[in-house]
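>>> Based on what follows, work out the 3D shape:
(2 chains)
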Amino acid sequence: MADIAAAPTSVMLGVALALFLIGMAGVMIRRDLLYVLMSLEIMFNGAALAFVTAAAKWKQPDGQVMVILILVAAAAEVGVGLGLVLRLYHRFGTVDGDQISLMKG
Amino acid sequence: MTVVCYVASAVAIIAAVLVITGQRAMHALLHLVLMLLALALVFFTLGAPFVAVLQVVIYAGAIMVLFVFVVMMLNLGPPGERQERRWLGAQVWAIPVLLTAILLALCGYAIADLGTGGAPAGVVGPKEVGIALYRDYLLAVEIASLLLVAGLVGAFHLAPPTRAGEEAQTASANSRQPEETADG
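This is a model prediction of the structure:
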């Protein structure tokens, strides 16, 4: 195995962009809050893949450090977000974003 | 190794599309885990083994367990059981199993391709990442720990009290709902 990072940077950035856009489409088209949170995870991972691609391009650890920080942010976001979803479910009996419209948003 | 990277990326993208188009939360969740594992393989082939391991252990392990807990808490009662029995048809698990089999084959190929030598060229191992993390990014690590504490406090504050049973709690929440909406 001569060169482990043989994949072209542009292709992997394209994959990262595709993942990010898929996640963004999920956030916009789904109304179930659980799916919105899952789509957010996909977006996080698209960003993480971009960072890892850049780290592989320059063979520096900085990109991987950023992915670890993204991991922390995702963990905190999921903890609070799922707590909110549970609270909304107990309060309204549904997690449909369209039916929870007390704020007339 | 490039082929492994491309095929794993394709698996990740297909799994991501299956997540956002899924009809059942549990299936979408399993597709999400599949996408995370495929991305871990991509990270590995890109020369980031430490991040790949973290992706499997923390993301596909710990964070997804939170999702599974919540989905399980939201799907209660006999309708859920009937649903689960319907989920066991072949058309439900055929595609995920196929994608996972592809991923497993890729993983085996990648491990067999590694050989017995030391770390190949282009790999940034855990040592470099750790040094960068605790020397250059020490402030970011402290801020991240603060963020985790904030998330912990927020989740603790938001979590519904568990002293009463889940059923009574849901009932009281539902009965409380009309008057509060009437107030608003």
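
>>> residues in contact with the longest helix along chain B?
Longest helix of chain B, by residue count under DSSP state H: helix B:90-114. In this structure, residues lying in contact with helix B:90-114 by CB atoms under 8 Å, 6 or more residues apart in numbering or on different chains are A:1, B:1, B:4, B:7-8, B:11, B:14-15, B:18, B:27, B:30-31, B:34, B:37-38, B:41, B:44-45, B:120. Backbone N, C-alpha and C define where each C-beta goes, glycine included.

>>> Of those, which count as buried by neighbour count?
By neighbour count, with 16 or more other CB atoms under 10 Å in any protein chain shown, the contacts of helix B:90-114 hold B:1, B:4, B:7-8, B:11, B:14-15, B:18, B:27, B:30-31, B:34, B:37-38, B:41, B:44-45, B:120 as buried.

>>> and the one helix or strand residue A:56 maps to, average pLDDT?
Secondary structure from DSSP states H and E places residue A:56 in helix A:33-58. Mean pLDDT, computed over helix A:33-58, is 93.

>>> So which of the buried ones among the contacts of helix B:90-114 sit within helices?
Counting by DSSP H, those place B:4, B:7-8, B:11, B:14-15, B:18, B:27, B:30-31, B:34, B:37-38, B:41, B:44-45 in helices.

>>> Can you say which of the residues you listed are also within reach of chain A?
The subset of those within reach of chain A, by CB under 8 Å from any CB of the partner chain, is residue B:45.

>>> now, which of the ones in helices among the buried ones among the contacts of helix B:90-114 sits nearest chain A?
Nearest to chain A out of these is residue B:45 (CB to the nearest CB; 6.8 Å).

>>> Show the pLDDT at the closest one.
Note on residue B:45: pLDDT of 89.

>>> can you check residue B:100 too?
If you check residue B:100, the pLDDT there is 88.

>>> For residue 30, give me its contacts.
Let's take chain A. A:36, A:39, B:20.

>>> I was after chain B.
For residue B:30, the contact set (CB under 8 Å, 6+ apart) comprises residue B:96.

>>> ok, so what distance separates it from residue B:103?
13 Å (CB to CB, to the nearest Å).

>>> Just flag the most distant two among the ones in helices among the buried ones among the contacts of helix B:90-114.
Within these, B:27 and B:45 form the most distant pair, 27.2 Å apart (CB to CB).

>>> quick one: terminal-to-terminal distance for stretch B:12-32?
Distance across stretch B:12-32, first residue to last, is 9 Å (CA to CA, to the nearest Å).

>>> how many other residues sit next to residue 62?
Picked chain A for this. 18 (other CB atoms under 10 Å in any protein chain shown).

>>> Hmm, no, I was thinking of chain B.
Neighbour count of residue B:62, defined by other CB under 10 Å: 12.

>>> Look at the residue nearest to it when sequence neighbours are not counted and report its pLDDT.
Nearest residue to residue B:62, sequence neighbours excluded (CB to CB, 6 or more residues apart in numbering or on different chains): residue A:75, at 7.3 Å. Looking at residue A:75, its pLDDT reads 92.

>>> in the helix or strand hosting residue A:75, what's buried?
Residue A:75 is part of helix A:62-92, with elements assigned from DSSP H and E. Neighbour-count burial for helix A:62-92 flags A:62-86, A:88-92 (criterion: 16+ other CB under 10 Å).

>>> quick check, nearest of the ones in helices among the buried ones among the contacts of helix B:90-114 to residue B:54?
Nearest member of those to residue B:54, counting by CB to CB, is residue B:44, at 11.4 Å.

>>> Secondary structure element holding the closest residue in space to that closest one that isn't next to it in sequence?
Of all residues not flanking residue B:44 in the chain, residue B:52 sits nearest, at 4.1 Å (CB to CB, 6+ apart). Element membership for residue B:52, per DSSP H and E: helix B:49-54.

>>> from the chain's centre, how far out does that helix sit?
Distance, stretch centre to chain centre, for helix B:49-54: 14 Å (CA atoms, centre = their mean, to the nearest Å).

>>> got the buried residues for it?
In helix B:49-54, counting by 16+ other CB under 10 Å, buried: B:49, B:50, B:51, B:52, B:54.

>>> Following element in sequence after that helix, please.
Beyond helix B:49-54 in the direction of the C-terminus, DSSP H and E gives the next helix or strand as helix B:64-74.

>>> now, the most widely separated pair of the buried residues of helix B:49-54?
For those, the farthest-apart pair by CB to CB is B:49 and B:54; their separation is 9.7 Å.
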